[in-house]
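Peer 1: fold the following, please.
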Amino acid sequence: MLPREKFLKGGVDSLSDTDLISILVGSGIKGKNFRTISLGILKKIKKNIKGSVDTTISDLTHIDGVGSVTAMRILSGMELGRRIYGLYTGQTTLVKNSGQAYEVLKRMSNLKQEHIVALYLNSRFELLEQRTVRIGGVDSAGLLPRDVIAYALERNASFVVLAHNHPSGDCTPSNEDVLLTQRLKEAMDIMGITLLEHIVIAKDGWKSVDI
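Peer 2: From the prediction side, this is the model:
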């Protein structure tokens, strides 16, 4: 499914980072599709952020298939996000309990499709990244522990908070929610990562799944 189709069907939360860039890129060039171009842009931006280097028009136009107009579109989108939400300002978000996790994720209550989201935290409980790990129902076959753990290892996270929404409006954890939590905790304990919380978010509020 194309990114624009995914956006219309599942909303902006259903899009990956590459999908978001793809929508800004619009189209590819002969010999390179828009996904390949978008992936190149995303890799460059992430590399610059990790190195605390600003991304410039020149950085992006050196990527095959990216012209000055597309580069300006990408950089304008980044700057708009920075101004509105204070991204990359060095502000630290602490998540030490389910209440703080809910404050970060409460807009999930508006999603019409079930999403599973992970918050990756360092040893000081500072938020490293928020990541959608699955879109769809919580079931023992659909979400594997490695789907959550692999990125925790990549980010060197010490703690993980898992959350998912109940579009039905009832935040009461189901039996599947409990089973999933137990499986994830056991797998993460082996890897030296702590599953701090698993919360269910809905229109009627939120509840923690017993760990």
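
Peer 1: nearest residue to the middle of the chain?
Peer 2: Residue closest to the average C-alpha location in the chain (C-alpha atoms, centre = their mean): Arg131, at 2.2 Å.

Peer 1: are we agreed that that one is in a helix?
Peer 2: No. Using DSSP: H, G, I helix; E, B strand; the rest coil, the assignment for Arg131 is strand, not a helix.

Peer 1: excluding chain neighbours, what is closest to it?
Peer 2: Excluding its sequence neighbours, the residue lying closest to Arg131 (C-beta to C-beta, 6 or more residues apart in numbering) is Ala118, at 5.3 Å. The way it works is simple: take the backbone N, C-alpha and C, and place the C-beta from them, glycine included.

Peer 1: which SS class is the one you found?
Peer 2: The three-state label given to Ala118 by three-state DSSP is strand.

Peer 1: can you name the residues bridging to it?
Peer 2: Here Ala118 sits in beta bridges with Arg131, Leu162, going by DSSP bridges.

Peer 1: how about low-confidence regions in this structure?
Peer 2: 27-31, 82-91, 137-142 (pLDDT under 70).

Peer 1: make it 80
Peer 2: By pLDDT under 80, the weakly predicted segments of the chain are 1, 12-15, 26-34, 49-52, 81-91, 136-143, 211.

Peer 1: and it, what are its domains?
Peer 2: Following automatic domain parsing, one gets these domains for the chain: 3-85, 98-208.
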